[in-house]
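Asks: Would you be able to build a 3D model of this:
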Amino acid sequence: MYILRIFTFHSKQNLPISIEEAWAFLSNPRNLKIITPDSMGFDILSGADRPIYPGQVIQYTVTPLLGIKTKWVTEITHVIEGSYFVDEQRYGPYSFWHHKHFLKEIEGGTEMEDIIDYKIPLGWLGQCINPIMVRPQLKKIFEYRRNKLIKLFGEMP
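Replies: Predicted coordinates for the structure are as follows:
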């Protein structure tokens, strides 16, 4: 019996802004397009018309790999104002997607932490393509996000 593995991707970044300013920007679903590379073909279709709340369903189109456009539907499942929120995929390119966004006040700014637990479809083949395609793509997206947030808010000294 083959057991499919759940992978974890982790990212941290310190921003020289207040936790209130970080929360206002990062918890606004419309800002996701700003911090996502253009190469992802990311477009919000619906559900981003108000600040996040538990139960909110957001629909996107995205081109995650090989130029194949797909629909992605996520649900905001948990929100603690100013502290963290969770989005989970309901339909899309992953077999499982659980993304935790944490904010923590630190000296001189805010620490932003993302923890993504994900599973790839296609059985053992999906497991094989994670290190060559999926994980590098996630790393590239979060590096873009890191650089974009530095351009928007500056860098911690």
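
Asks: ok, now which ones touch the residue positioned nearest the centre of the chain?
Replies: With distances taken as Cα atoms, centre = their mean, the residue of the chain nearest its centroid is residue 99 (6.2 Å). Remark: with contacts taken as Cβ atoms under 8 Å, 6 or more residues apart in numbering, residue 99 is in contact with 74, 86-88, 114-116. Every C-beta, even on glycine, is put in place using the N, C-alpha and C of the backbone.

Asks: element containing residue 146?
Replies: Secondary-structure assignment from DSSP states H and E places residue 146 in helix 135-153.

Asks: Just give me the neighbour total for residue 5.
Replies: Applying other Cβ atoms under 10 Å, we find 12 other residues in the vicinity of residue 5.

Asks: what secondary structure does it sit in?
Replies: Remark: residue 5 carries the secondary structure label coil [criterion: DSSP: H, G, I helix; E, B strand; the rest coil].

Asks: Nearest spatial neighbour of it, chain-adjacent residues omitted?
Replies: Of all residues not flanking residue 5 in the chain, residue 127 sits nearest, at 5.9 Å (Cβ to Cβ, 6 or more residues apart in numbering).

Asks: for that neighbour, what are its contacts?
Replies: The contact partners of residue 127, taken as Cβ under 8 Å, 6+ apart, are 4-5, 120.

Asks: all strands of this protein, in order?
Replies: 7-15, 43-46, 57-62, 70-80, 84-91, 96-106, 109-119 (DSSP state E).

Asks: Using a markdown table, lay out these together with distance to residue 32.
Replies: Converted to a markdown table, the strands of the chain look like this (distance: least, Cβ to Cβ, whole Å):
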| stretch | distance to residue 32 |
| --- | --- |
| strand 7-15 | 15 |
| strand 43-46 | 7 |
| strand 57-62 | 8 |
| strand 70-80 | 10 |
| strand 84-91 | 10 |
| strand 96-106 | 11 |
| strand 109-119 | 12 |
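
Asks: Mind listing what's buried along the least confident helix or strand in the chain by mean pLDDT?
Replies: One helix or strand of the chain scores below all others by mean pLDDT, DSSP states H and E: helix 123-129, with a mean of 77. For helix 123-129, a neighbour-count test (16 or more other Cβ atoms under 10 Å) marks 126-127 as buried.

Asks: same deal with stretch 49-59?
Replies: When neighbours are counted by 16+ other Cβ under 10 Å, the buried residues of stretch 49-59 are found to be 52, 56, 58-59.
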